[in-house]
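Peer 1: One predicted model, sequence on top.
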Amino acid sequence: MNWDAKLVNESFPWVEKQIVHKPMLAPWQRAFRDSLLDVGVSPFNGFTYDHIFGTKVGGTIYDRFGRRHTAAELLATGNPQKLTVLIYATVQRVIFDTSGKRPKTVGVVFKDEHGNQHQALLADKPESEVIMSCGAIGTPQMLMLSGVGPRAELEKMKIPVVLENEFVGKGMSDNPMNAIFVPSNRRVQQSLIQTVGITKLGVYIEASSGYGQSQDSIHCHHGIMSAEIGQLSTIPPKQRTPEKIEAYIKGKKDLPYEAFRGGFILEKIANPISTGHISLRTTNVDENPSITFNYFSHPYDLRRCVEGIRVAIKVAQSQHFVNYTQCDKPTVEKVLNMSAKANVNLVPRHPNDTVSLEQFCKDTVITIWHYHGGCHVGKVVDTKYKVLGVDRLRVVDGSIFTESPGTNPQATVMMMGRYMGVKILRERLGSAAGM
Ligand SMILES: Cc1cc2nc3c(=O)[nH]c(=O)nc-3n(C[C@H](O)[C@H](O)[C@H](O)COP(=O)(O)OP(=O)(O)OC[C@H]3O[C@@H](n4cnc5c(N)ncnc54)[C@H](O)[C@@H]3O)c2cc1C
């Protein structure tokens with residue numbers, strides 16, 4: 001990433017001080033912490049933002065009153081006299097002047113909440129630029145909609161080619177997530193991820209709990225395992241037929257309530273080697289592009305998933321969890337069987353899900369939404385994240401990552417926002433930037 005370590009180390013605390021909090025550890029997370037240590041994911045590193053092997057408690061953007069603090073709050077440190085924020089503006093494309101040797105960014109076309117189109121044009125100064133931060137899916141899509149991307153892809157959509165770059169939308173990665181469900185005989189408080197195990201196997205182990213508040217609640221919404229927030233995406237759109245959706249809805253009715261009375265232990269593969277790509281389905285920015293991540297196409301990713309599930313099962317069987325959940329120590333078969341039934345994606349199940357951990361991994365894979373890539377450094381942007389081959393256009397978001405940083409990426413993405421802001425100001429103003 002060509003990062004300046006000193007500025008990185010100043011930028012993380014800048015974010016932390018404003019919006020990151022120490023979590024109040026939920027009982028499920030305490031039992032999980034003790035069990036991780038019990039099965040050898042050690043040492044215990046306490047509450048820390050550092051990414052180090054062992055078990056730790058990380059920071060959260062929820063404060064002690066349960067209020068969420070987002071990156072938007074970081075804008076409060078800006079100078080409001082010099083900042084205009086349009087919150088219901090959807091950029092449709094970047095406009096280029098193609099009359100010179102290199103395409104030059106001129107501005108953007110955007111529409112407001114009423115669908116009316118506008119243009120925002122750059123001042124004619126050398127330091128003026130457009131900075132794209134539409135995210136790992138949005139930025140490659142926006143570049144292609146604006147005419148920067150693989151020629152065949154652009155021509156297929158009849159988009160005039162501004163600059164051919166075959167790497168736009170390539171090298172898309174998503175860290176596969178697989179989970180096992182751990183039932184409980186005791187009422188479990190809801191908890192999001194607070195404790196994490198950073199293993200030397202190349203997998204991170206995390207946990208979440210409390211989605212079975214009532215018999216009904218599991219049918220409509222169960223937190224990070226809900227299809228409603230994206231898990232249906234684990235099968236390609238064309239295969240998302242009405243029959244499959246119907247089967248999914250029915251499957252949700254048959255969910256084993258027992259599984260949701262506790263919580264789940266999930267594993268996320270660090271740095272997946274399997275990659276995929278994005279392609280446009282339409283030229284409408286409101287339509288999602290088609291994305292393939294090719295989960296587990298590399299055998300090393302599958303091997304790590306299997307290792308991770310083994311650790312997760314040991315954690316579930318640890319005496320700390322058994323004491324906490326007031327259940328008998330679950331057998332491997334019971335854990336896998338219940339998890340395969342409770343897991344909601346549309347991938348068809350196989351009878352050997354409970355025998356072959358490889359099959360279990362493939363059939364129950366879902367996303368943890370840490371997808372990244374599509375505009376890699378050296379391929380689509382240079383080391384200052386300026387788009388190669390065009391002037392006055394930069395990308396600052398997860399699309400430039402070749403790996404998702406940390407156990408969970410958003411701290412680093414926010415750090416990068418601050419980092420690049422300071423870098424750009426220093427470049428433009430030198431010591432007058434005052435930072
Ligand atoms: C459901 C979910 C849960 C997650 N949980 C966690 C977690 O617990 N911890 C963690 O660390 N990470 C988590 N992540 C991952 C984290 O949110 C992302 O890695 C991070 O937000 C990526 O930052 P980004 O700046 O690359 O993109 P984004 O945060 O996606 O920002 C892109 C922005 O661009 C806007 N945009 C896109 N296209 C246009 C357009 N055409 N015009 C105008 N605006 C546009 C989008 O509305 C969005 O605001 C989660 C993600 C999801 C989806």
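Peer 2: That came in fine, so what should we check first?
Peer 1: Next to the ligand, which bits of the stretch 251-400 of the chain? Give me the list.
Peer 2: Contacts of the stretch 251-400 of the chain with the ligand, taken as Cβ under 6 Å from any ligand atom, map to 285, 369-370, 397-398. For the C-beta atoms, the positions are set from N, CA and C on the backbone; glycine is no exception.
Peer 1: meant to ask about the stretch 101-250 of the chain, not that
Peer 2: Counting by Cβ under 6 Å from any ligand atom, the stretch 101-250 of the chain sits next to the ligand at 133-136, 138, 142, 229.
Peer 1: Excluding chain neighbours, give the residue nearest to Pro61 in space.
Peer 2: One thing to correct before we go on: residue 61 is Ile, not Pro. Excluding its sequence neighbours, the residue lying closest to Ile61 (Cβ to Cβ, 6 or more residues apart in numbering) is His69, at 5.0 Å.
Peer 1: again, but for Ile273
Peer 2: His298 (4.0 Å).
Peer 1: just Pro27 next, same as before
Peer 2: Nearest one to Pro27, counting by Cβ to Cβ, 6+ apart, is Gln189 at 6.1 Å.
Peer 1: same deal with Glu73?
Peer 2: Ile19 (5.5 Å).
Peer 1: Same question for Val148.
Peer 2: Closest to Val148 by Cβ to Cβ, 6+ apart is Leu163, at 4.8 Å.
Peer 1: cool, Thr77 as well?
Peer 2: Leaving aside its sequence neighbours, Thr77 is closest to Gln18 (7.3 Å, by Cβ to Cβ, 6+ apart).
Peer 1: and the residue nearest to Glu73, what does it touch?
Peer 2: 61, 69-71, 73-74, 414 (Cβ atoms under 8 Å, 6 or more residues apart in numbering).
Peer 1: so which of the residues you listed is the most crowded?
Peer 2: Tallying neighbours with other Cβ atoms under 10 Å puts Met414 at the head of the contacts of Ile19, with 22 neighbours.
Peer 1: secondary structure class for that residue?
Peer 2: Secondary structure assignment for Met414 (DSSP: H, G, I helix; E, B strand; the rest coil): helix.
Peer 1: Spit out the contact partners of it.
Peer 2: 15, 19, 71, 74.
Peer 1: Over to Met157?
Peer 2: 144, 280, 282-283.
Peer 1: Could you dump the residues you listed into a markdown table with distance to Val335 added?
Peer 2: Output for the contacts of Met157, formatted as a markdown table (distance: Cβ to Cβ, whole Å):
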| residue | distance to Val335 |
| --- | --- |
| Met144 | 43 |
| Leu280 | 41 |
| Thr282 | 43 |
| Thr283 | 47 |
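Peer 1: Check the residues you listed against Cys361 and report the nearest one.
Peer 2: Among the contacts of Met157, Leu280 lies closest to Cys361 (Cβ to Cβ), at 30.4 Å.
Peer 1: Was I right to think the closest one contacts Pro150?
Peer 2: No. Judged on Cβ atoms under 8 Å, Leu280 makes no contact with Pro150 at a distance of 10.1 Å.
Peer 1: so what's in contact with these two at the same time?
Peer 2: Common neighbours of Leu280 and Pro150 (Cβ under 8 Å, 6+ apart) are Met144.
Peer 1: What separation is there between the residue nearest to Pro27 and Ser146?
Peer 2: Distance of Gln189 to Ser146, computed by Cβ to Cβ, to the nearest Å: 47 Å.
Peer 1: which one of the two has more residues nearby?
Peer 2: Ser146 (28 against 12).
Peer 1: ok, the more buried one - contacts?
Peer 2: Ser146 makes contacts with 93-96, 162, as judged by Cβ under 8 Å, 6+ apart.
Peer 1: Return the member of the residues you listed nearest to the ligand.
Peer 2: Using Cβ to the nearest ligand atom, Arg93 comes nearest to the ligand of these, at 8.8 Å.
Peer 1: how many neighbours does the closest one have?
Peer 2: 18.
Peer 1: Next, find the distance separating Pro289 from Leu145.
Peer 2: According to Cβ to Cβ, Pro289 and Leu145 sit 9 Å apart.
Peer 1: just Val130 next, same as before
Peer 2: 14 Å.
Peer 1: Pick out whichever of these two has more residues nearby.
Peer 2: A count of neighbours by other Cβ under 10 Å puts Leu145 above the other of Val130 and Leu145, at 23 against 20.
Peer 1: Can you tell me the closest non-neighbouring residue to the more buried one?
Peer 2: Leu145's closest residue in space is Arg93 (Cβ to Cβ, 6+ apart), at 5.1 Å.
Peer 1: Check which helix or strand the one you found maps to.
Peer 2: Element membership of Arg93 [criterion: DSSP states H and E] is strand 90-97.
Peer 1: what's the following helix or strand after that strand?
Peer 2: strand 104-111.
Peer 1: residues making contact with that following strand?
Peer 2: Strand 104-111 has contacts (Cβ under 8 Å, 6+ apart) with 86, 89-97, 117-122, 129-130, 390-393.
Peer 1: Just the buried residues from those, in ChimeraX please.
Peer 2: Selection of the buried residues among those in ChimeraX, burial being defined by 16 or more other Cβ atoms under 10 Å:
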select :91,92,93,94,95,96,122,129,130,390,391,392,393
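Peer 1: circling back: which among the contacts of Met414 gets closest to Gly210?
Peer 2: Set against Gly210, the nearest of these by Cβ to Cβ is Ile19 (24.1 Å).
Peer 1: Which pLDDT value goes with that closest one?
Peer 2: Note on Ile19: pLDDT of 97.
Peer 1: ditto for Ser11
Peer 2: 97.
Peer 1: and it, backbone torsions?
Peer 2: Phi and psi for Ser11, reported as degrees, to the nearest 10, are phi -80, psi -40.
Peer 1: That one: how many residues sit nearby?
Peer 2: 23.
Peer 1: check contacts around the closest residue to Leu201 other than its chain neighbours.
Peer 2: In space, and not counting its chain neighbours, Leu201 is closest to Glu307: 4.6 Å by Cβ to Cβ, 6+ apart. Glu307 sits next to 201-203 when contact means Cβ under 8 Å, 6+ apart.
Peer 1: Check which element follows the helix or strand in which Glu307 is found along the chain.
Peer 2: Element membership for Glu307 (DSSP H and E) is helix 299-317. Using DSSP H and E, the helix or strand that follows helix 299-317 towards the C-terminus is helix 319-325.
Peer 1: Check which helices and strands that following helix is in contact with.
Peer 2: In terms of contacts (3 or more Cβ pairs under 8 Å, 6 or more residues apart in numbering; DSSP states H and E), helix 319-325 is packed against helix 27-38.
Peer 1: No further queries at this time; thank you.
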